[in-house]
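Engineer: model the structure of this input:
(one chain, ligands or ions: 2)
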Amino acid sequence: MKSALITGITGQDGAYLAKLLLNKGYHVSGLIARRATPTTWRLQYLGIANEVDLINGDLTDLPSIVRAMNKAKPSEIYNLGAQSFVASSWQQPVLTAQSTGIGVLHVLEATRLADCAIRFYQASSSEMFGLVRDPIQSEATPFYPRSPYGVAKLFGHWMTVNYRESFNMFTCSGILFNHESPLRGIEFVTRKVTDAVARIKLGQQKDLRLGNIDAKRDWGYAGDYVEAMWLMLQQEQADDYVVATGRCTTVRDMCKIAFDYVGLNYEDYVVIDPAYYRPAEVDILLGNPAKAKKVLGWEAKTSLHDLIEMMLEADLARVRAEK
Ligand code: NDP
Ligand code: GDR
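Structural biologist: Residues are numbered from 1 along each chain as shown. Ligands and ions are numbered 1, 2, ... in the order given. Reported below is the predicted structural model:
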């Protein structure tokens, strides 16, 4: 039986990936950081909380990762754990560097010490393109990160490449563009919008305060994207791949889609609040997923409209259940 260890299993992607691997017959372990309040709600939402082995540990604590590795004995490791909210990375740059950057090195080093044959996936990010050098970003586009988060991800990305080149390890980096779902954290803009639209529609909220609504993102569905992660580790050769839809939309148009769905006009509710502006913004991200399509046979299946509808239906149901 194949066995996988997922860091960040309590996050959006960790939960969907765990479900995918369980469906494929893997034994799934996950690194879980100690928190004062429970963090397993996503695993519960997907009905898999009792099907995964949760091992205590923290990405900033190398010994705990070594112990988790010894316990899980994985054939594949997916490093998805990170301080992943870009806006917070200016408020907590050192913590972000330690978990999102050095944390990658800890997992790589623990993998090398355990068994160089373990296949390793790193959750790299389109945020590494930042102030974009090409209008459509591919694996060949130079990086220019614009936040402490992006800088930390770039460190993890190059470490992943370096371990492949130095130790001939099977390490892959997926440069994923934004991907969302009903399990997205509430602070990210898509979920902030769908949660607010549900609350406004059901009379529980009056307006929606946003920052730069002219920013453009290439949004896909997380359920599609975890398949690309798994495919990368099934290839003959380790490599890096851009994973994206190849379409981009402004935050403004994404709001319009969400408000339209419940029969409301976004202009009546959206209030621009400079508190949500970022010290340095990434204005546009648009990925070219041609290599992932050619080599992995992977393609995004879910349109932005379908994604927003899925998220809105989930948020409408949640808000109704709160009443
Ligand atoms: P989430 O923020 O939903 O999940 C992050 C996970 O990391 C959580 O399980 C969190 O645990 C865990 N974590 C945070 N800090 C630590 C730590 N110090 N030690 C151990 N675990 C820790 O992120 P996503 O699922 O959306 O993203 C997964 C990965 O992919 C992240 O690395 C992210 O940066 C990257 N990425 C995401 C994209 C996206 O659009 N979603 C796009 C490109 C890259 P807890 O629940 O306890 O906080
Ligand atoms: P991002 O996602 O920073 O791209 O990182 P987020 O949804 O936070 O922001 C997207 C864009 O929307 C603009 N925006 C707002 N964002 C938030 N969160 N809240 C607001 O009120 C708001 N108003 C406008 C932002 O300025 C930005 O331009 C996500 C994360 O998942 C990262 O971990 C991942 O690496 C990248 O996607 C790819």
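Engineer: CA only for contacts and neighbour counts going forward, please
Structural biologist: Will do.
Engineer: I'd like to know how many residues surround the nearest residue to residue 161 once chain neighbours are set aside.
Structural biologist: Distance criterion CA to CA, 6 or more residues apart in numbering; nearest residue to residue 161, sequence neighbours excluded, is residue 171 at 7.0 Å. Applying other CA atoms under 10 Å, we find 29 residues neighbouring residue 171.
Engineer: same thing with the one 3 residues further on?
Structural biologist: Summarising burial for residue 174: neighbours were counted as other CA under 10 Å, giving 23.
Engineer: rewinding a little: so the residue nearest to residue 161 touches residue 120, yeah?
Structural biologist: Yes. Here residue 171 lies in contact with residue 120, judged by CA atoms under 8 Å, at a distance of 4.6 Å.
Engineer: which of the three states applies to the closest residue to residue 128 other than its chain neighbours?
Structural biologist: Sequence neighbours aside, residue 145 is the residue nearest to residue 128 in space, at 4.6 Å (criterion: CA to CA, 6+ apart). Here residue 145 takes the coil state, with states given by DSSP: H, G, I helix; E, B strand; the rest coil.
Engineer: and residue 145, how far is that from ligand 2?
Structural biologist: For residue 145, the distance to ligand 2 equals 11 Å [CA to the nearest ligand atom, to the nearest Å].
Engineer: can you list the residues of the stretch 201-323 of the chain near ligand 2?
Structural biologist: Where the stretch 201-323 of the chain comes near ligand 2, counting by CA under 6 Å from any ligand atom, the residues are 210-213, 215, 251, 276, 282.
Engineer: among these, which ones are in strands?
Structural biologist: Within these, residues falling in strands by DSSP state E are residue 210.
Engineer: restricted to helices, list the residues of the stretch 201-323 of the chain next to ligand 2.
Structural biologist: Those of those mapping onto helices are residue 251, per DSSP state H.
Engineer: buried ones among the residues of the stretch 201-323 of the chain next to ligand 2?
Structural biologist: Burial by neighbour count, judged by 16 or more other CA atoms under 10 Å, picks out 210-213, 215, 251, 282 from those.
Engineer: so is the helix or strand that contains residue 228 next to ligand 1?
Structural biologist: In this structure, residue 228 sits in helix 222-232 according to DSSP states H and E. No. With CA under 6 Å from any ligand atom as the measure, helix 222-232 is seen stopping short of ligand 1, the closest distance being 7.0 Å.
Engineer: likewise stretch 307-323?
Structural biologist: No. Against ligand 1, stretch 307-323 shows no contacts by CA under 6 Å from any ligand atom, the least distance being 13.2 Å.
Engineer: would you mind writing the CA trace of that stretch as PDB?
Structural biologist: Taking Å, rounded to 0.1, in the frame of the first residue of the first chain, the C-alpha atoms of stretch 307-323 are listed here in PDB:
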ATOM      1  CA  LEU A 307     -16.700  27.700  -8.700                       C
ATOM      2  CA  ILE A 308     -18.400  30.800  -7.300                       C
ATOM      3  CA  GLU A 309     -21.800  29.100  -7.500                       C
ATOM      4  CA  MET A 310     -20.400  26.100  -5.600                       C
ATOM      5  CA  MET A 311     -18.900  28.400  -2.900                       C
ATOM      6  CA  LEU A 312     -22.100  30.500  -2.600                       C
ATOM      7  CA  GLU A 313     -24.400  27.500  -2.200                       C
ATOM      8  CA  ALA A 314     -22.100  26.200   0.600                       C
ATOM      9  CA  ASP A 315     -22.100  29.600   2.300                       C
ATOM     10  CA  LEU A 316     -25.800  30.100   1.900                       C
ATOM     11  CA  ALA A 317     -26.300  26.600   3.600                       C
ATOM     12  CA  ARG A 318     -23.800  27.500   6.400                       C
ATOM     13  CA  VAL A 319     -25.500  30.900   7.100                       C
ATOM     14  CA  ARG A 320     -29.000  29.300   7.100                       C
ATOM     15  CA  ALA A 321     -27.700  26.600   9.500                       C
ATOM     16  CA  GLU A 322     -26.400  29.200  11.900                       C
ATOM     17  CA  LYS A 323     -29.900  30.700  12.300                       C
END
